[in-house]
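A.B. asks: take a look and give me a structure for this.
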Amino acid sequence: MRRVLYVHGGTTYSSREQFFSDLQNWEVSLEPTVNWNHTLERDISLLTKIDMPLKQDARYEEWKVLFEKYLSLVDVNNTIFLGYSLGGVFLTQYFLETKQEPYALLAVAPPFDKRDVQEELVGGFGMQLQEPASWKNVTFYFSSDDPVIPLSHKELFAKQFPTATIKIVENVGHFRMERFKELLRDIKTLQNQ
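C.D. replies: Residues are numbered from 1 along each chain as shown. Predicted coordinates for the structure are as follows:
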């Protein structure tokens, strides 16, 4: 059975002032949040969640340093990489940059670049179209009504990865849902191939 490495989402800021302003306006709650990515450890065996540094003010180079420590412990050609939002573009960008093809790459609501995204995409994150990569086992998941990542980004990923599977999930916003059954099925299928 194949291991899954999961990279969470995050936020980037072009200035400390904007970061501080957002912190002041941050809504908090004492109620627990149950989201599909919070229950992954219960639903998927051989899953490792990577806690990337400073997810509320992320920097690509810092994430890369930590990620490479985990990479040294796995076989890229036999590992499933799962990224959500900023984590999805991080994984995609990293593997393209290093010219490595992972066994499988699953990216949920990844921004391609800063075009029309709800939040800033800075700190070294973001891609540019380059020679298309014809990788196997690549799937991108987008929501029909995502307020953060526009559906138009699926076209950019389709150009970059012409052999990828692109799945549109209806009406789940920025994938704020308790269970993501289709993703779980896809992971379990890949783990057992």
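
A.B. asks: got the contact list for Gly173?
C.D. replies: Listed by Cβ atoms under 8 Å, 6 or more residues apart in numbering, the contact set of Gly173 reads 143, 145-147. Quick note: C-beta positions are derived from backbone N, CA and C, even for glycine.

A.B. asks: make a markdown table out of the residues you listed and add pLDDT, secondary structure and distance to Phe157.
C.D. replies: Below are these laid out as a markdown table (pLDDT from 0 to 100; DSSP: H, G, I helix; E, B strand; the rest coil; distance: Cβ to Cβ, whole Å):
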| residue | pLDDT | secondary structure | distance to Phe157 |
| --- | --- | --- | --- |
| Ser143 | 97 | strand | 14 |
| Asp145 | 96 | coil | 18 |
| Asp146 | 96 | coil | 14 |
| Pro147 | 95 | coil | 19 |
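
A.B. asks: any idea which of these is closest to Val65?
C.D. replies: Asp146 (29.4 Å; Cβ to Cβ).

A.B. asks: circling back: filter the contacts of Gly173 to the buried ones?
C.D. replies: 143, 146 (16 or more other Cβ atoms under 10 Å).

A.B. asks: Tyr141 contacts Tyr84, doesn't it?
C.D. replies: No. Taking contacts as Cβ atoms under 8 Å, Tyr141 lies outside contact range of Tyr84: 9.3 Å.

A.B. asks: need the residues touching each of the two.
C.D. replies: In contact with both Tyr141 and Tyr84: 107-109, 175, using Cβ under 8 Å, 6+ apart.

A.B. asks: can you redo those residues as JSON lines with distance to Glu119 and secondary structure?
C.D. replies: As requested, those are exported to JSON lines (distance: Cβ to Cβ, whole Å; DSSP: H, G, I helix; E, B strand; the rest coil):
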{"residue": "Ala107", "distance to Glu119": "17", "secondary structure": "strand"}
{"residue": "Val108", "distance to Glu119": "16", "secondary structure": "strand"}
{"residue": "Ala109", "distance to Glu119": "12", "secondary structure": "coil"}
{"residue": "Phe175", "distance to Glu119": "15", "secondary structure": "coil"}
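
A.B. asks: can you tell me which of those is closest to Thr11?
C.D. replies: Ala109 (13.4 Å).

A.B. asks: contact partners for the closest one?
C.D. replies: 9, 84-85, 88, 141-143, 146, 148-149, 174-175.
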